[in-house]
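**Student:** For reference, the sequence and a predicted model appear below.
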2 protein chains.
Amino acid sequence: MKLRIKNLPWLAGKPVVILHPKTAEKLNVFQNQRVLLSNSHDFYCIVDIFPNLVKKNEIGLSQEVTKIFSAKNEDDIDVSAAIISPASKLIKRKLEGHLLKKEEMETIIKEIVNNNLTEAEIAYFIAAQKTQKMTLKEIISLTEAMIQTGEKMVFQNKEVVDKHCIGGVAGNRTTPIVVAICASLGLTFPKTSSRAITSASGTADVIETISKVDIKVKDLKRIVEKTNGCMAWGGSLKLAPSDDKIIQIERLINLDVESQLIASILSKKITAGAKYVLIDIPYGKNSKVKSWYSAKKLGKRFKKIAKYFNLKLNVVYTNGKLPIGNGFGPVLEMNDVLKVLQNKKDAPKDLRKKSLYLSSELIKLAGKRNSKNIVKQALDSGIAYEKFKQIINAQNNKDNFEKKIKALKTARFRVTIKSNKRGKIINIKNNKINEICRILGTPENLGAGIYLYKSIGKVKKDEKLLTMFSDNKRKLERAIKFFNEENVIEIKFKRK
Amino acid sequence: MKLRIKNLPWLAGKPVVILHPKTAEKLNVFQNQRVLLSNSHDFYCIVDIFPNLVKKNEIGLSQEVTKIFSAKNEDDIDVSAAIISPASKLIKRKLEGHLLKKEEMETIIKEIVNNNLTEAEIAYFIAAQKTQKMTLKEIISLTEAMIQTGEKMVFQNKEVVDKHCIGGVAGNRTTPIVVAICASLGLTFPKTSSRAITSASGTADVIETISKVDIKVKDLKRIVEKTNGCMAWGGSLKLAPSDDKIIQIERLINLDVESQLIASILSKKITAGAKYVLIDIPYGKNSKVKSWYSAKKLGKRFKKIAKYFNLKLNVVYTNGKLPIGNGFGPVLEMNDVLKVLQNKKDAPKDLRKKSLYLSSELIKLAGKRNSKNIVKQALDSGIAYEKFKQIINAQNNKDNFEKKIKALKTARFRVTIKSNKRGKIINIKNNKINEICRILGTPENLGAGIYLYKSIGKVKKDEKLLTMFSDNKRKLERAIKFFNEENVIEIKFKRK
């Protein structure tokens, strides 16, 4: 069908054309499907449908299309419903159970990065990985394709280390502590983290309570060169741009795909310049990884693939049955982190212990001896805390650390739940703790969340179990209802 | 996060809210994800992101949201990134291999119909069906849910028949002929068809060359009551609205999902009021169903599920190895149909034979005896052709049949390909014939397509193989290139 080009002053973020509803009907294309534009060459675009922007005989071009297609305003152009794109064909093949070759994986990842695949097509790709599984070879190809399309950071002549936790444990905010300890010991630690996907808060959300986290690559380099470390949000860095898009789509139905997880983590560590990487896989009933067996299997895959990329990688398998720390939610977790770094008496012991363990494993991996003592000393002496301050001030580009931590505030409304009998706490449901926090308004509501007083063990009648915080009373009510219905803290009551 | 409501005069087709990019970043939500609006009650909406329509502290509501949520302009409202919707949770479960119960299937289908699932979520649902398969019980639940959400047609005291071909055979335009024959024999045949998905043309595209096909339910009833039959496009009838959406998403990567196919076909036949249904399953190497074994398996499922719904259904397994008819493309296929109905000498024999066979099976199913002779007589005597005219005129609401068929025109440019040696045609690739037609511009370009002169068997040097038609010379060139590269007509050459 011939249509008249209308160049629109519109930056859509992807190659989009706008059709009049009647024209779309004639072409038999729907929103988000593709059309093929042909003049001296061919170009595939995604379709958007609007009644007012274009007439029936017109096609509106976003600036991305105008630029690539070098299309002149008011030129006539041949438009047809598109045969599916090369990447889509490959995704279909994978969904049908075929293996993908290296160059095929590249085709898919490139089209994702160029925003040339619709969200539904990316969902098919994710579902294919989930259900048809990927071979080691395929995951390596995927990782390579993601590295190729990412921006690289180089820290020359530096011992760059990194860590990653698979997640699934509420709280567990070890990263700021581990970065501070390792950076204080001379290792280079350009840590980038994500925001929360389904948990109460991500490391980036927690750091954001006192610091800027959306940092440009060149500023990041400056910060790391000055302080040895950083704790930035990875989202805007484009270390693995296809991954950001894929995570968005996974998140829609809260899906975790192992192959994508491995490729995502390793490609980001590699483009961030890491040589030594520690992977923490918590396992347990209420965690993301359910059993020791699955944890081991996942760990092995990480090691094998890291070997291919000459990355020194170690895996630790940690207890993922229970939440770690007392606070859950951005501000509440930052409070825990500060208490550990400040060696406060009421600092959560489990968080301190795990942070020391991870730091020790990481510096051991980087070749240092006597690692346990060294990391303990770094924390106990306060040099880790000094390093933490230094990094935060560098990220804020202002010496405002003290002011920032003074301003930390939990949410306005709170409710404390107590045990109604004497007994024994036999389980605290990790995943439900996160769900309650989301109901309370985390991570957007920085001060919302939970403070947990107890862990496994005895509990007296009327002893405090937890306090919930929210800026919205309705949300508090909903959270309490959820807490009771889901039996989040399982207590075995003693008979008199 | 509190935002100020801005009611927009915008009918989005689904419950959409518009956020400023900065606000979306703060909420950590992306395009097409969902937010939860809460005041006195809760409501999930899909997010669209625009810089100019709303300010940072505002949320724009499409008319759908304003209506359901009864939200007042300039009210403050609490907005948070949404925990995933009930249907999404179920889709995830299916993707992980769990079975879905009846009411769970209903939840998913209802949310699709209400446009409350994003395209990516629907893609996950389709992929889950594809890779995790569905049990008979699940397909029945799916079919029931689709029937519940569809509009029903009732033809009281009528013997309503219907047919459906699984597809995969190029040409094969039997439907108009079968409808004409059966309707001329007194059966009620309210046939609705789809447009082409990946083939050269769908029945609706072919009929559209001479008739209106986008017909409202009440007009359709009038036409069927007058003529016993119709040949309409099913798209706008909303007989199975979830299905229209699902097919759009399948089409993105050209996917066929068996469970969805069965539920789709049967739910539409049931809502269209059919009592007797004939399913044609062509099988063969280049067809959609590859083997007799898979064809049989599919056929059995159809029968079992039809039994549950008290539908009299028969399945015929036909040869799907080769294209049927000479013409491929809307106009070229209509020419074939007309030749068969007019009993022309050069009418394609295979198309005539198959149409007679299907008609005979269908009227046998509806309880008539001596079916073979009856249908042959209906065709040979011309009463089927008269019925066809009558139906087309009724659909056009005007006696313009002769005028319409006189106006049928193939596309402007053509190229004929001849055999370059003496030999034997051993294969004609069904699927590639369709792909060539799409390259040539079908189905939008009604006159584009292929005219095939030969079938399996001997061929002389310089004998015509086929003619390609297109309104675009570049497309012709591309089609010829594709024809040669893909070896679409396999010829075994004889040595001298």
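**Tutor:** Great, that's in hand. Numbers count the residues shown, from 1 in each chain, chains lettered A, B, ... in the order given.
**Student:** all strands of the stretch 251-400 of chain A, in order?
**Tutor:** Secondary structure of the stretch 251-400 of chain A (DSSP state E, counting those that start in this stretch): strands located at A:276-283, A:312-319, A:327-328.
**Student:** Which one of those lies nearest to chain B?
**Tutor:** strand A:327-328 (15.8 Å; Cβ to the nearest Cβ). For every residue, glycine as well, the C-beta is placed using N, CA and C.
**Student:** So which residues lie in contact with the closest one, not counting its own?
**Tutor:** A:170-171, A:200-201, A:333-336, A:348, A:433-434, A:437, A:442, A:449-452 (Cβ atoms under 8 Å, 6 or more residues apart in numbering or on different chains).
**Student:** Pull up the pairing partners for that strand, direction included.
**Tutor:** Each strand paired with strand A:327-328, and its direction, by DSSP bridges: strand A:449-452 (antiparallel).
**Student:** Need the residues that contact the partner strand.
**Tutor:** Under Cβ under 8 Å, 6+ apart, the answer for strand A:449-452 is A:200-201, A:323, A:326-333, A:410-411, A:428, A:433, A:436-437, A:440, A:442, A:465-469.
**Student:** now do 6 Å
**Tutor:** A:200, A:326, A:327, A:328, A:329, A:332, A:437, A:442, A:466, A:467, A:468, A:469 (Cβ atoms under 6 Å, 6 or more residues apart in numbering or on different chains).
**Student:** so which of the residues you listed would you say is closest to chain B?
**Tutor:** Nearest member of the contacts of strand A:449-452 to chain B, counting by Cβ to the nearest Cβ, is residue A:442, at 9.3 Å.
**Student:** wait, what's in contact with the closest residue to residue A:412 other than its chain neighbours?
**Tutor:** Nearest non-adjacent residue to residue A:412, counting by Cβ to Cβ, 6 or more residues apart in numbering or on different chains: residue A:471, 5.1 Å away. Contacts for residue A:471 (Cβ under 6 Å, 6+ apart) come out as A:411, A:412, A:445.
**Student:** List only buried entries from those.
**Tutor:** Among those, those classed as buried by neighbour count (16 or more other Cβ atoms under 10 Å in any protein chain shown) are A:411, A:445.
**Student:** Redo the contacts of residue A:471 as TSV? Include pLDDT.
**Tutor:** Converted to TSV, the contacts of residue A:471 look like this (pLDDT from 0 to 100):
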residue	pLDDT
A:411	96
A:412	95
A:445	89
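**Student:** how about the contacts of residue A:471 in a markdown table, adding secondary structure and distance to residue B:262?
**Tutor:** Shown next, in a markdown table, are these (DSSP: H, G, I helix; E, B strand; the rest coil; distance: Cβ to Cβ, whole Å):
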| residue | secondary structure | distance to residue B:262 |
| --- | --- | --- |
| A:411 | coil | 51 |
| A:412 | coil | 55 |
| A:445 | coil | 47 |
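**Student:** tell me which of the contacts of residue A:471 is nearest to chain B?
**Tutor:** residue A:445 (7.5 Å).
**Student:** what's the distance between the nearest residue to that closest one once chain neighbours are set aside and residue A:331?
**Tutor:** Distance criterion Cβ to Cβ, 6+ apart; nearest residue to residue A:445, sequence neighbours excluded, is residue A:471 at 5.3 Å. Shown here: residue A:471 relative to residue A:331, a distance of 12 Å by Cβ to Cβ, to the nearest Å.
**Student:** again, but for residue A:160
**Tutor:** Taken as Cβ to Cβ, the span from residue A:160 to residue A:331 is 31 Å.
**Student:** now do residue A:243
**Tutor:** From residue A:243 to residue A:331 the distance is 28 Å (Cβ to Cβ).
**Student:** How about residue A:275?
**Tutor:** Counting by Cβ to Cβ, the gap from residue A:275 to residue A:331 is 34 Å.
**Student:** for residue A:409, same thing?
**Tutor:** Distance from residue A:409 to residue A:331, by Cβ to Cβ: 7 Å.
**Student:** Spit out the residues that contact these two alike.
**Tutor:** Between them, residue A:409 and residue A:331 share the contacting residues residue A:447, judged by Cβ under 6 Å, 6+ apart.
**Student:** higher neighbour count, those two?
**Tutor:** residue A:331 (24 against 11; other Cβ atoms under 10 Å in any protein chain shown).
**Student:** Please, which helix or strand holds the closest residue to the more buried one other than its chain neighbours?
**Tutor:** With Cβ to Cβ, 6+ apart as the criterion, residue A:331 has its nearest non-adjacent residue at 4.7 Å, and that residue is residue A:447. Using DSSP states H and E, residue A:447 sits within no helix or strand.
**Student:** Double-check residue A:447 against residue A:413; I have them as touching.
**Tutor:** No: assessed by Cβ atoms under 6 Å, residue A:447 is found out of contact with residue A:413, at 10.1 Å.
**Student:** So between the two, which is more surrounded?
**Tutor:** The neighbour comparison of residue A:447 against residue A:413 (other Cβ under 10 Å) goes to residue A:447, with 21 against 16.
**Student:** What separation do you get for that one and chain B?
**Tutor:** As for residue A:447, its distance to chain B is 13 Å (criterion: Cβ to the nearest Cβ, to the nearest Å).
**Student:** same deal with residue A:222?
**Tutor:** Per Cβ to the nearest Cβ, residue A:222 is found 23 Å from chain B.
**Student:** How many neighbouring residues does that residue have?
**Tutor:** 15.
**Student:** Likewise for residue A:420?
**Tutor:** Residues near residue A:420, counting by other Cβ under 10 Å: 11.
**Student:** which residues touch residue A:183?
**Tutor:** A:189, A:228, A:229, A:387.
**Student:** hey, which helix or strand in chain A has the poorest pLDDT?
**Tutor:** Confidence across the helices and strands of chain A bottoms out at helix A:63-69, with a mean of 80, counting by mean pLDDT, DSSP states H and E.
**Student:** Was I right to think residue A:283 contacts residue A:320?
**Tutor:** Yes: the pair residue A:283 / residue A:320 is scored as a contact, 4.9 Å apart, by Cβ under 6 Å.
**Student:** joint contacts of the two?
**Tutor:** In contact with both residue A:283 and residue A:320: no residue, using Cβ under 6 Å, 6+ apart.
**Student:** low-scoring stretches of chain A, by residue?
**Tutor:** A:13, A:83, A:496 (pLDDT under 70).
**Student:** Leaving out the residues flanking it, which one is nearest to the residue sitting nearest the centre point of it?
**Tutor:** Centroid check for chain A by Cα atoms, centre = their mean gives residue A:194 as the closest residue, at 3.5 Å. Using Cβ to Cβ, 6+ apart and skipping residues adjacent in sequence, the residue nearest residue A:194 is residue A:202, 5.0 Å away.
**Student:** Specify the local secondary structure of the residue in the stretch 301-450 of chain A that chain B sits nearest to.
**Tutor:** Using Cβ to the nearest Cβ, the closest approach of the stretch 301-450 of chain A to chain B is made by residue A:444 at 5.2 Å. Assigned by DSSP: H, G, I helix; E, B strand; the rest coil, the conformation of residue A:444 is coil.
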